[in-house]
Structure formats: C-alpha cells, structure tokens
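S.K.: Return a 3D structure for these sequence lines:
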Amino acid sequence: MMMQVRALPYGVHPISSPTGRGKLTDSLGSNPSQSFMNTPPPYPEFVDGMSSTINDLDKSFFPLEALWEYQTAGHRLDIAKRNIFYAKKPTSQHVAELYRQSVRMEASMQAIEHPDHMGYIEGAKVQNAINKAGPDGINVLHGLIGILTEASELAELLFKWLDGEELDLDNMLEELGDKQFYTQLLMNACNRIDPKKRFTAAKVEAANMAKLRIRYATDFDVNLNSGAERNYEKERIAMAEAVEEEHIDAPAVS
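M.R.: Prediction:
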C-alpha cells in the first residue's frame, strides 16, 4: 500500500520511487531540483523532502525479535551507565528485570513467529498497528527505526574506540547528523498527528530541562535517578507547561 504524499513549500514535493531514495523534483516535474539543494528550506521541510514515501509493509516481514534484543541490550548498557557515571551498583532487581525481558521475548516470539520467518511478524499486522496513528503512522515507524539504527552506528563507533582505535570525530559528526535527520522526521510526523504538540528542537529541550528541574529540585542527586523516587505526574505537568511558553518557538512542519 502506497502512502499519500503531501505538497511541500518552495515548489518541491516528494514522489514515490522504486528505490525509496531521493525524491526531490521541482514544480515542473523535471530532474531533482538543484535549487532545493543549493538553497534548502528550513530543516524540518528539508527532511520531509528527503525522506522516503515508500510503504511496502504489506509485502514484508518486520523483525520484531530485533526490537526485543535491542531493548535488552539497551537495559544492560543502562545498568553499566548507572554504575560508571552515577556509582549505582547493579542490584538483584536489575538482574531479575533482564530475566523477565528474556522470558517475555521468548513467549512473544513463540506466539507470533512465522514458520518461514523465525522471529518476524507479518508486515500487514504492523500496518494495522500504525494505521491507528493515521497517515503519518508510517513516518513515526520510519523515524523511530531510523533513530535506533543510527544509534547502533554510534555503538559501532564506541566499540572500535574502546577496542583501541582512534576516536573518529568525523564519523561521530556524520552519525549524529543522521540521528538528527530521523529525529526531525519523527517530530514532523508527530506534529501532523497532533498539531497541538508542536514538536521543535527548542521545545523538546525545554521539556527535558523542566522535567529534570522537577526531579532534582536544587541539586543533582544520583539517588533520585530511579522510578521509586520520581513524581511522574509533576514531571509531565512541568513538561507540558514548558512547551506552552510563547518564547519557546521555532518553525515546525504543519
């Protein structure tokens, strides 16, 4: 099923292509627009113009097991982060949570695995899930997967550095840029799903600061970094109020 494309500013619009790669054409429908690349629009519109409109979920299988594995790996790294930077030693609760995750993953895979595609879920089922978010559900999926895959590129960079290679700052810049691309793609999609949210980089930063100011009050305390001591309701209220401030604004795709 092909998703519907939307007209973009500056006389540029995306078109679907068999490869899903660059889809920029000028308003006359000629070759990729040089004016767009030479004088690009604001970053949110630029990202929309460069992102794929292909949606082949109905014909594919989605690697759901990979998400479970990614989540488990992320939890293990989070334990290491807390230990290294916050002096918080792993507890029996952390070990138990890792075990529960592995059990849930195994049970889920047994429930949904396809005989010819071990650990995968039929794309049509994923399509049904993202359809609930509306036309931009596919872009939410695209943005989230993009962020995860770019984070894995940073993991490769980190591995090489810890393994003795020089820290590659040029590659760091490239991967951070790619991660920002997919972050903007995700924010664009969220803005269209709920225009009241108005995701922008400035508002995301403001919401994050507001949350942390509620959590730590006056001073940073590593002992307040766990769910047991947090007031989630107050944090969410502070985040909502922060993004409603009129001075915190930046162009957002509508």
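S.K.: for the stretch 151-254 of the chain, which spans come out with low pLDDT?
M.R.: Within the stretch 151-254 of the chain, the segments meeting pLDDT under 70 span 218-219, 221-229, 246-254.
S.K.: Could you give the average pLDDT over the helix or strand harbouring residue 84?
M.R.: Per DSSP states H and E: residue 84 is located in helix 64-86. For helix 64-86, the mean per-residue pLDDT is 85.
S.K.: Give me the residues contacting stretch 177-192.
M.R.: For stretch 177-192, the surrounding residues in contact (CB atoms under 8 Å, 6 or more residues apart in numbering) are 43-44, 47-48, 50-51, 134-137, 139-140, 142-147, 150-151, 153-154, 197-201, 204, 252-254. Bear in mind the C-beta positions are built from the backbone N, C-alpha and C, glycine included.
S.K.: Which elements pack onto the helix holding residue 84?
M.R.: Counting contacts by 3 or more CB pairs under 8 Å, 6 or more residues apart in numbering; DSSP states H and E, helix 64-86 packs against helix 92-112.
S.K.: now the helices for the stretch 151-254 of the chain?
M.R.: In the stretch 151-254 of the chain, helices defined by DSSP state H, counting those that start in this stretch lie at 169-193, 201-216, 232-243, listed in chain order.
S.K.: Can you give me the distance of the closest residue to residue 143 other than its chain neighbours to residue 209?
M.R.: Closest residue to residue 143 in three dimensions, ignoring its sequence neighbours and counting by CB to CB, 6 or more residues apart in numbering: residue 186, at 2.9 Å. The gap separating residue 186 from residue 209 is 20 Å, by CB to CB, to the nearest Å.
S.K.: The two: which is more packed in?
M.R.: A direct count of neighbours by other CB atoms under 10 Å for residue 186 and residue 209 places residue 186 higher, at 22 against 13.
S.K.: rewinding a little: using CSV, please lay out the helices of the stretch 151-254 of the chain together with distance to residue 72.
M.R.: Compiled in CSV, those are given as follows (distance: least, CB to CB, whole Å):
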stretch, distance to residue 72
helix 169-193, 21
helix 201-216, 25
helix 232-243, 24
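S.K.: Just tell me which of these ends up closest to residue 65.
M.R.: Of all the helices of the stretch 151-254 of the chain, helix 169-193 sits nearest to residue 65, with 21.6 Å by CB to CB.
S.K.: Name the residues of that closest one that are buried.
M.R.: With burial defined by 16 or more other CB atoms under 10 Å, the residues of helix 169-193 counted as buried are 175, 178-179, 181-193.
S.K.: That one vs helix 201-216, what angle?
M.R.: Counting by axes from the mean of the first three to the mean of the last three CA atoms, to 10 degrees, helix 169-193 lies at 90 degrees to helix 201-216.
S.K.: In space, what's closest to residue 172 - neighbours in sequence excluded?
M.R.: According to CB to CB, 6+ apart, the nearest residue to residue 172 is residue 157 (6.3 Å).
S.K.: Check residue 137 too.
M.R.: Leaving aside its chain neighbours, residue 137 sits nearest to residue 130 (3.3 Å; criterion: CB to CB, 6+ apart).
S.K.: Verify the stated contact: the one you found with residue 139.
M.R.: No. The criterion here is CB atoms under 8 Å, and residue 130 misses it with residue 139 at 9.1 Å.
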